[in-house]
Each structure stands twice: as structure tokens, then as C-alpha cells.
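Novice: Generate coordinates for the sequence data below:
(4 chains)
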Number of protein chains: 2
Amino acid sequence: MSIERPTNTNAQLTPTSYLVLGLLAREGPSTPYDLKRHVAATIGHFWSFPHALLYKEPPRLVELGLVTEEREQDGRRRRLFSITDAGRQALRAWLGRPARQPTELRDLGLLQLFFADLEPTTARLAIAGEQLTLHRAQLAGYEAGQRFEDGRDGPGAVSRSIEHWRGVTLRMGLLYERAAVEFWAGVATHVGIADAAAARVRAEDDGTRIA
Amino acid sequence: MSIERPTNTNAQLTPTSYLVLGLLAREGPSTPYDLKRHVAATIGHFWSFPHALLYKEPPRLVELGLVTEEREQDGRRRRLFSITDAGRQALRAWLGRPARQPTELRDLGLLQLFFADLEPTTARLAIAGEQLTLHRAQLAGYEAGQRFEDGRDGPGAVSRSIEHWRGVTLRMGLLYERAAVEFWAGVATHVGIADAAAARVRAEDDGTRIA
DNA sequence: CCAGACATGTAACAGGTTACATGATTCG
DNA sequence: CGAATCATGTAACCTGTTACATGTCTGG
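Specialist: Presented below is the predicted three-dimensional model:
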């Protein structure tokens, strides 16, 4: 309608935006630090959102009118953000459009493995070993969380919705880490086998050729 | 030693850098399009590298002295990039330092699920259904690839190293997609069950309360 | 020979990352 | 009471994304 385009209305909402909107919608007015804590307890386990982001995103949303800011008056002067009706609307609209993008699985270990066949066996074993250790530790963490969840009764100090998050996090985390452990264990043994086979060949050939 | 710092020597190498270095190391001199093709066939399945990146990264590496550029003389004037010794060295150094960062698993569907409990059951079912469809399709793709790999003899048109990539891609892809399908199937049935239970409660209570 | 797909590239913008900095609490 | 950790924030830089643009081949 109007000739002058409203300054920021055309900006796209990123996953980060929806994360913040969603948290504000369910946890109520929050400081960036609150957001950080909630993220760390749940989705932060497999999708990292550095804290600086969670301090920067809310002001962006304020400009779009999806969030309001309020500053404490006393010493701390912390910023407290709340979702607006427009924000709720944007969130619901997004939830009504199931995402189609495939999962991004960004794994440096995998990238290293891709190129590791240029390297000596020891390097490949080191990579696989490191990844195995990492993923086993993660898996153990999720399993501990699982046991903790199982062995307890009523809701604790956290809100019901956060419990839901935790449940989702645990299940997905468990399944993924199991897959990862299986994968890397396979890699390790394959490399090991190849190594043993190569050693055998070297021994048999007695230096005739380099396998 | 010298007082003036060499312009770019301090720049960090990103995963993208190592991807390019690795590809140039094993596939030899390549055009950005070659890189794009290789990526699409392998790691691109779960870590997207938009083609613009693969056109932009090599020149960056040229400035660092890790890569050299050569332009075709005839009509096309394509840019052909090759890795230098310094580049190879950087790559090997990186491969010698197994990565410790945990996997980033960025999944919009998961993010939506996290907030979907604010929404009516239908919305949650829609999300779970969409994700199930998506992941089943991916899984089918990997399984087809697997069958293809199994049922054939010698090396085809692609290089041996690319076959190695394909193998890694297939195995990790299969394992991850299986986990994802299991996860989303679970979500769908849980939501379905909750839905059925809620319906039952509503029927029994006969409108006394809204469950 | 036209249309569509494949191939090749560039530029602007903005979101995300890294680094810096410092005020409050808690614990020993 | 000092040290370590928690909490809070800002700013610059730069990568990655998005959008635009056009050239070249292939098949019908």
C-alpha cells in the first residue's frame, strides 16, 4: 500500500528467532540469561546457540514488534523481554508450516574421516578413537539423564513444558548417539582390520612390496 | 620475526577451507563446479555447502598461499585451482588433530516439535508426519544406494577415493536416518495415543471438563 | 532452433562467531 | 577475603546466505 517500505518488516525470521519466540511464549518474560539456561538444558545439546546470539536476537525481534523490552530499574538494570501478540501469531504460523529442510548434520570428525584415507592408518585410528570417546561420553550422559527421569515421581522444580523438552532431547540424543557410536566403532574395527591385514601382507611378502 | 604482519596469515581456516583443501588434495586440480559436484555426491547429503561458497573459498585460500589459481585461455575461461605444498601441510596438520567439537544436529523439525506442545494435537501430528515422510524418503535413498553398491564388481567411472566417500556417506546416512525414523515414528504414535486418550476422556466426561 | 537444464560467476547483506570486558556471587 | 565461577553485555569482523545474472550445452 504505502510507497515507503516499513524499515524492517521484510526481514526473515531465522531459526534463532523462533527459538527465542518459542521460549518467551512458554516461559514468559525472560532475560537473555534465562534463555541461555533453557537452551543449554535442552536443544543446546545438539544445536549450539552461543550466548551472544541470545543477547542480540531479542532486540531484533523488538524492532519487528514481536517482542517488547523492559529494563529493570535497580542496580542490575537487566533487560527483560516479553512476547507480543504479533509474536505469538508469527510463532503459531510457523508451527503450522511443517519444515521441509533436511537435517543438517555437521560433524568435523566425519569431515576428517572423509579425507583420512590419504593419511597413515594411525591417523585414522586416532580420529575414530577420539570420536568414539566423545560419542560414548555423550551417550552415557543421555543414559544417565534417562535413568534420572525414570526414577522420580512428580514434577520437580522445572516447568512441565521444560520437562517435555527434556524428554524430546533425551530420546533424540540417545538415538543419535547410539547411531554415532555404532558408526565409529565400525570405522575403528574396519581400520583395525585393514591395518592387521596390511601387516600380514607386509609380513608375508617380506618387503617385496609396500601394501 | 618481521614487524609488519603478513596480511592474512592469521585468518582461521574453517571447515569449508578443509573441505576444499581435501578435495583438491585427492581429486587434483578442480574448478569450483567440480567441487560442487563432489560435495553433492557425498557430504552434501547432510552438510550443505551452497555453491557460492565453493566459488568463494578457493580465492581465499589462494591469498593464504594454500592454493593456486589458473585461468583457462579459451572461451570458457574457467578457474582451475590446485593445492600447494603449504596447503597439503595445513591439511595434514588438521587431520593430525582429531576434532573435539560435538556434532551439530540442526533440525528445524525438532525445533518445531519443541514448541508444538503449545499447539493443538493436529499441528503436532502434522509436524511428525512431515518429518516421517522426509526421513523415510532419505532412508529409502540410502538403502537404494546401498543395494547399488553391493551389486556391482569393479570400480566404475568414479575414483577409488570417491567410492570411499560414498561408503562413509551411506553408512552414516543410513544409521542416522534409521534413528530419525524411529524417533519420529515414536513421536507420531505418542501424539496419536495421547490424542486417542484425550478423545476417550472427552467422551467419558461428556463435556464436563476439557482435557 | 527453442526451451530447459546445466554451468559459472558476482555482489550485498546480515546473522553468527569471536573476543573483550566487567559486575556479582559463592565457596573455601 | 581472594579466587573461581556465574552472569551480563558490547562490538568488530567475517563467513555464509540470498539474490541476481548470464553463458553454454542438450534434446526434442
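Novice: Is A:E70 in a helix, a strand, or coil?
Specialist: Three states are possible here, and by DSSP: H, G, I helix; E, B strand; the rest coil the one that applies to A:E70 is strand.
Novice: which residues touch the closest residue to A:E177 other than its chain neighbours?
Specialist: The spatially closest residue to A:E177, leaving aside those adjacent along the chain, is A:L139, at 4.0 Å (CB to CB, 6 or more residues apart in numbering or on different chains). C-beta here means a position set from N, CA and C on the backbone, and glycine is covered the same way. For A:L139, the residues meeting the contact criterion (CB atoms under 8 Å, 6 or more residues apart in numbering or on different chains) are A:174, A:177-178, A:180-181.
Novice: same question, A:P32
Specialist: For A:P32, the contacting residues are A:51, A:54-55, A:58, A:79, A:81, taking CB under 8 Å, 6+ apart as the criterion.
Novice: Kindly indicate the member of these with the most neighbours.
Specialist: Counting neighbours by other CB atoms under 10 Å in any protein chain shown, A:P58 leads the contacts of A:P32 with 25 neighbours.
Novice: now, which of the contacts of A:L139 sits nearest A:E119?
Specialist: In terms of CB to CB, no member of the contacts of A:L139 lies closer to A:E119 than A:A180, at 21.3 Å.
Novice: my guess is that closest one contacts A:A128, does it?
Specialist: No - applying CB atoms under 8 Å, one finds A:A180 not in contact with A:A128, separated by 11.4 Å.
Novice: Which ChimeraX command selects the buried ones in the contacts of A:L139?
Specialist: The buried residues among those can be selected in ChimeraX (16 or more other CB atoms under 10 Å in any protein chain shown) with this line:
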select /A:174,177,178,180,181
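Novice: Could I get the CA-only coordinates of whichever strand or helix holds A:R26 as PDB?
Specialist: If you go by DSSP states H and E, A:R26 is part of helix A:15-27. What follows is the C-alpha trace of helix A:15-27 in PDB, where atoms were taken according to Å, rounded to 0.1, in the frame of the first residue of the first chain:
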ATOM      1  CA  PRO A  15      15.600 -20.400  13.500                       C
ATOM      2  CA  THR A  16      17.100 -18.300  16.200                       C
ATOM      3  CA  SER A  17      14.100 -16.000  16.100                       C
ATOM      4  CA  TYR A  18      11.700 -18.900  16.500                       C
ATOM      5  CA  LEU A  19      13.700 -20.300  19.300                       C
ATOM      6  CA  VAL A  20      13.500 -17.000  21.200                       C
ATOM      7  CA  LEU A  21       9.800 -16.500  20.400                       C
ATOM      8  CA  GLY A  22       9.000 -20.100  21.500                       C
ATOM      9  CA  LEU A  23      10.900 -19.700  24.800                       C
ATOM     10  CA  LEU A  24       9.300 -16.400  25.500                       C
ATOM     11  CA  ALA A  25       5.900 -17.800  24.700                       C
ATOM     12  CA  ARG A  26       6.100 -20.700  27.100                       C
ATOM     13  CA  GLU A  27       8.400 -19.500  29.800                       C
END
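Novice: from the contacts of A:L139, which single one is nearest B:V191?
Specialist: Ranked by distance to B:V191 (CB to CB), those are led by A:L174 at 19.1 Å.
Novice: Report the contact partners of the closest one.
Specialist: Contacts were defined as CB under 8 Å, 6+ apart; by that measure A:L174 touches A:139, A:142-143, A:146.
Novice: that older thread, just the ones of the contacts of A:P32 in helices?
Specialist: Per DSSP state H, helices hold the following members of those: A:51, A:54-55, A:58.
Novice: Return the closest of those with respect to DNA strand D.
Specialist: Set against DNA strand D, the nearest of the ones in helices among the contacts of A:P32 by CB to the nearest atom of the strand is A:Y55 (3.9 Å).
Novice: what about the residue nearest to the spatial centre of chain A, which SS state?
Specialist: Closest to where the C-alpha atoms of chain A average out (CA atoms, centre = their mean) is A:W47, at 1.7 Å. Each residue gets one of three states, and A:W47 gets coil by three-state DSSP.
Novice: Quick check: can you list the domain ranges of chain A?
Specialist: Taking automatic domain parsing as the reference, chain A has its domains at A:15-95, A:108-205.
Novice: now those domains in JSON lines, with distance to DNA strand C?
Specialist: As requested, those are exported to JSON lines (distance: least, CB to the nearest atom of the strand, whole Å):
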{"stretch": "domain A:15-95", "distance to DNA strand C": "3"}
{"stretch": "domain A:108-205", "distance to DNA strand C": "11"}
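Novice: Adding mean pLDDT and distance to B:V39, write these out as a markdown table.
Specialist: A markdown table is the format used below for the domains of chain A (pLDDT from 0 to 100; distance: least, CB to CB, whole Å):
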| stretch | mean pLDDT | distance to B:V39 |
| --- | --- | --- |
| domain A:15-95 | 93 | 22 |
| domain A:108-205 | 84 | 10 |
